[in-house]
Every structure is written in structure tokens, then in C-alpha cells.
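Trainee: Return atomic coordinates for the entry below.
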Amino acid sequence: MSKTVHFIAIGGSAMHNLAIALHNKGYVVTGSDDEIFDPAKSNLEKYGLLPQSIGWNPDRIHEGLDEIILGMHARNDNPELIKAQQIGLKIFSYPEYLYEQSKTKTRIVIGGSHGKTTITAMILHVLGKMKMNCDYMVGAKLDGFEVMVKLTEEAEIMVIEGDEYLTSPIDRRPKFHLYMPHIAIISGIAWDHINVFPTFEIYVDQFRQFINLIDKNGTLAYAANDAILYQLAQEAYTPENIVGYDIPAHDIDENGITYLIHNQTKYPLKVFGKHNLSNINGAGVVCEALGIKKEDFLASISDFPGASNRLELIGENATTKVFKDFAHSPSKLKATTLAVKEQFKNHKLIAAMELHTFSSLNSEFLQHYAGAMDSPDIAIVYFNPHTIEHKKLPPISAEQVKQAFQRPDIMVFTESEKLKEYLLSLTFQSANLLLMSSGNFDGVNLKEFATRICNSNI
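Mentor: As a prediction, the model looks like this:
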């Protein structure tokens, strides 16, 4: 008999994908939210899961429900949550429910301040090529995968992207503390989510706790070139197998193609950049722990296309490439801009980033961006003062941003249209454009804009 599950805050990116996964598994799924936007709205509608009305309604909560799944977007005074508590229904957070669904499986959890989605996508790509059935949860839409969550009875493996952000409004633990991995990877530690982890020491401690939750007979792969992470790995009393990884042997040809080198064999890649090479090595440790031979892994990863929004090529002509990337934190900006600059040494690099997250728009945290945009030939920062108001943060000025990045010639824009006009005025002959944001520069269709850039310079 199938379960009946109700989602409180079904419109979230992760939540609506879990709802679809359970629907596909044969569960009866209902949900509610006070706002639902695309792509969640269209996706839920496609599967007949879109709530008939927007808003919270305690009448949707009844004793006929088997379980409640509570999303982070709901508050702890949510009327549906209160009624569920009053009548004694089982209430799960999103990560608790993923664990519940994978208790009998081998759990692989990918953690770290950056690279999680890419490494998860790499592992899923290789498992797919090797015909190894697995369940998964990944934090972004991947090419070739209809949804971000897959749950089945048959799969013996569950691959989980392990976010360190909070679990739910009534559970302040980081999500990745709930997954209890058999195999885990940490890609690096760079302070993030300062609204939740107010000091770097508190943030680092979340990863220390995560390491100690790995199965004692399990495996931890970690980026050995991260000094803080290296220290944590040395301190760890679990798990049994601790494997550090770094950037593998590689070569870049005159066309900007990167090759991995192993046992005198060259394996061409579709992705590039030292951070991606490191990610590949980390994914390789995980896959080898699952019994995949090194040569099979390298042959499989060769045609990995990259994860959506992670150094994604969105436009090109004979002399110009336009990339978009999710990068927004200082460490991500450094890695991404350096990757493009090193890969295309004979091209000028024009890079624009948007300050969009709570941390990046915080005047105190801004100081951590010093040197983060030193690699590009032309460096641009964009922020919208209205976003700062919406997040209820103290205002910041263009001059503060300039000082924080410590680059005298950095350009700061606060109006999206003026940024577009400036970029379209530039000559992109033998020049690449890199657009970096966890948003979209306030409504810019980046693929259409990339086409305009490429067409204006033919």
C-alpha cells in the first residue's frame, strides 16, 4: 500500500523534486506553499502535483496522512505545521526523509564549500556509463536527468549532494549531518552562510562533525591542498580509509583542450580548470571505492559535459566564448576566473560577477573578496541596492565594493541595463566573457545576451 505524504513548502527547488520522485515511486503526494515560481510551478503542474490554491490551509492536514515533509521556506509558526504537530503526525525535514529512503543503501555524500554539484554530476555520469543503477539527489538540474531526485526500491546506492545549510525551521542542524555516509568527499572549506555560521571556526566545526559521522568502515576523500581540511582529516578518528587527492597529471593543447595523463595514456576532457581537475580526482576516489577501475573511470569521465551553470559555455563565435558560472564566493571567483584565463592564454578575459547572496552583500564579509577578481583583464562587479533592502541588510556603496576587492580599476554597476550597455560596447576580438552569479543579474536572459555579444563581434 502506497504512502500518503504532504509537503509543507512544496515549491522549493529541492522540495518539489523530492515530491516528483515520491510521485514517481507510487506515493500519493499533496503539497502547499505561499508562493511557487518556475521551474517548480511548471514541473509540479506536469506531474499533477501543483496545489490548487496558493497559501497555507490547516484543513489540508488530517490523520489520513502518513508523513509530513517540512521545507526550509516554511516558518516554525506555519499553521499547517502547528496542526500536524497537534495531531501527532510524523514530520520529516527534507534531509531526514532522504536518509529514511536510503537506510538500506550504500550512501555516498558529497560535501564541501564548492564543487559539490559538479562532483556529484561527475559521479552520476560515470555510474551511468558503467550501467550501475543508483538513486540520487543533486542540487541542480543536470543534462540527461529529468529531475534532481531519484528514489527507487531497486538501487543499492544513493548519491547525495551534502549541503551544509540548515535542515528545517525546527531543526538547526546542517543537512549533511543527517545522511550518515559510507563514502564521503569534502572538496574544500571556504567560509559561507555567515547568517547561520557567524565565525569561520563555527563553520569549520560543521565539517569536523560531518567527518565523524562517516561509517567507521567507510571512506573519506578530501582535497589535500586545502590546509584546513588537511588538518581535519589528520584529526579524524573515523573512517577507516582516508584518501587525500590533488590535481592530476594533465596537459593543455593549443586548442584549449585539457588531457588527463595516466600510464602514458591521454584522456581528452570536455571540462577544464584546476578546480575541475581536482574535482575529477575526488570523484575518481569515490568511484574506485565503489569498485570501478581507474581506467574505466577515466574513459567514462572523458565525455562528461560539465554541470549546468558551472563554467557552462552559452555562446561562441570564431574568436569569442561566453561562459556562465554559479560562482559568487571569494574562493569560487578566484578559481573560476583563473581557470578561464589559464585555459585561453591568448584571449583577453572580461569577467562580470553579481553580489547576490546574503554573505556577499554583507558589508563585513565583503572584505573577504580582496584579490578575488585579479585574474581578468577587465573586472566588473554588479549589485542591486533593492536586493540588499529585501534581505534587510545595511546598505553598501559602490566605493565600498571597490575597496573590498582591492583592485583600483574594477568597475562597479548597480543598474542591470547600464551593465549590458557597457558589455555590448566592448570589442570581443580574441576575448572571452565570463558571467558569474547565483542569480541572473536582475532578469537578464544570459543565453540571449551571449548570442548578442557573439553576433556584435563577428
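Trainee: got a pLDDT number for Glu254?
Mentor: Among the per-residue scores, Glu254 shows a pLDDT of 80.
Trainee: and what of Ile458?
Mentor: In this model, Ile458 is scored at 59, pLDDT.
Trainee: heads up, I number from 14, so please use that
Mentor: Let's use 14 as the start, then, which means that last one is Ile471.
Trainee: longest helix anywhere in this protein?
Mentor: When the chain is parsed with DSSP state H, its longest helix is helix 287-302.
Trainee: which element follows that helix toward the C-terminus?
Mentor: Remark: after helix 287-302, the chain's next helix or strand is helix 307-314, criterion DSSP states H and E.
Trainee: Does that next one pack against any helices or strands, and if so which?
Mentor: helix 129-142, strand 271-275, strand 278-281, helix 287-302 (3 or more C-beta pairs under 8 Å, 6 or more residues apart in numbering; DSSP states H and E). No exception for glycine: its C-beta is placed from N, CA and C like everyone else's.
Trainee: Measure how buried the closest residue to Phe317 other than its chain neighbours is and give me the count.
Mentor: Excluding the flanking residues, the one nearest Phe317 by C-beta to C-beta, 6 or more residues apart in numbering is His138, at 4.8 Å. Per other C-beta atoms under 10 Å, the neighbour tally for His138 reads 22.
Trainee: Would you confirm that His138 contacts Phe310?
Mentor: No. Assessed by C-beta atoms under 8 Å, His138 is found out of contact with Phe310, at 10.3 Å.
Trainee: Quick check: Pro108 touching Leu191?
Mentor: Yes. Using C-beta under 8 Å, Pro108 makes contact with Leu191 at a distance of 4.3 Å.
Trainee: quick one: common contacting residues for those two?
Mentor: Residues touching both Pro108 and Leu191 (C-beta atoms under 8 Å, 6 or more residues apart in numbering) are Thr180.
Trainee: Where do the domain boundaries of this structure fall?
Mentor: Residue ranges for the domains of the chain, per automatic domain parsing: 17-107, 115-314, 325-468.
Trainee: can you give me the offset of the last one from its chain's centre?
Mentor: This means domain 325-468. In terms of C-alpha atoms, centre = their mean, to the nearest Å, the centre of domain 325-468 is set 18 Å apart from its chain centre.
Trainee: State the distance spanning the first to the last residue of that domain.
Mentor: Using C-alpha to C-alpha, to the nearest Å, one end of domain 325-468 lies 19 Å from the other.
Trainee: Report the central residue of the chain.
Mentor: By C-alpha atoms, centre = their mean, the chain has its centre lying nearest to Thr130, at 4.4 Å.
Trainee: For this structure, which segments count as helices?
Mentor: So, for the chain - with DSSP H - the helices run 26-37, 53-59, 92-99, 107-114, 129-142, 213-224, 240-248, 287-302, 307-314, 343-356, 398-403, 411-418, 429-438, 459-468.
Trainee: Quick one: list the elements packing against the longest one.
Mentor: If contacts are counted by 3+ C-beta pairs under 8 Å, 6+ apart, helix 287-302 sits against helix 129-142, strand 196-199, strand 232-236, strand 254-258, strand 271-275, helix 307-314, helix 343-356.
Trainee: most tightly surrounded among the ones you listed?
Mentor: strand 196-199 (a mean of 27; mean count of other C-beta atoms under 10 Å).
Trainee: Counting by contacts, list what that strand packs against.
Mentor: strand 119-124, helix 213-224, strand 232-236, helix 287-302.
Trainee: any chance of those in TSV, with mean pLDDT and distance to Ala87 too?
Mentor: Formatted as TSV, those follow (pLDDT from 0 to 100; distance: least, C-beta to C-beta, whole Å):
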stretch	mean pLDDT	distance to Ala87
strand 119-124	98	25
helix 213-224	96	23
strand 232-236	96	33
helix 287-302	96	33
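Trainee: related to what we said a few turns ago, which one, of the helices and strands packed on helix 287-302, ends up nearest to Pro407?
Mentor: Pro407 lies closest, by C-beta to C-beta, to one member of the helices and strands packed on helix 287-302: helix 343-356, at 19.9 Å.
Trainee: list the helices and strands the closest one packs on?
Mentor: Counting by 3+ C-beta pairs under 8 Å, 6+ apart, helix 343-356 packs on helix 287-302, strand 334-338, strand 361-367, strand 444-449.
Trainee: Need the mean per-residue confidence for that helix.
Mentor: For helix 343-356, the per-residue pLDDT averages 91.
Trainee: That one vs strand 271-275, what angle?
Mentor: Interaxial angle of helix 343-356 relative to strand 271-275 (axes from the mean of the first three to the mean of the last three C-alpha atoms, to 10 degrees): 90 degrees.
Trainee: before we move on, the earlier item: Pro108 and Leu191: which has the busier surroundings?
Mentor: Pro108 (25 against 22).
Trainee: distance between stretch 292-300 and the chain's centre?
Mentor: Worked out by C-alpha atoms, centre = their mean, stretch 292-300 lies 17 Å from the chain centre.
Trainee: Contacts for it next, please.
Mentor: For stretch 292-300, contacts defined as C-beta under 8 Å, 6+ apart pick out 121, 123, 128, 131-132, 135-136, 139-140, 196, 198, 200, 232, 234, 236, 256, 258-261, 273, 282, 284, 307, 310-311, 314.
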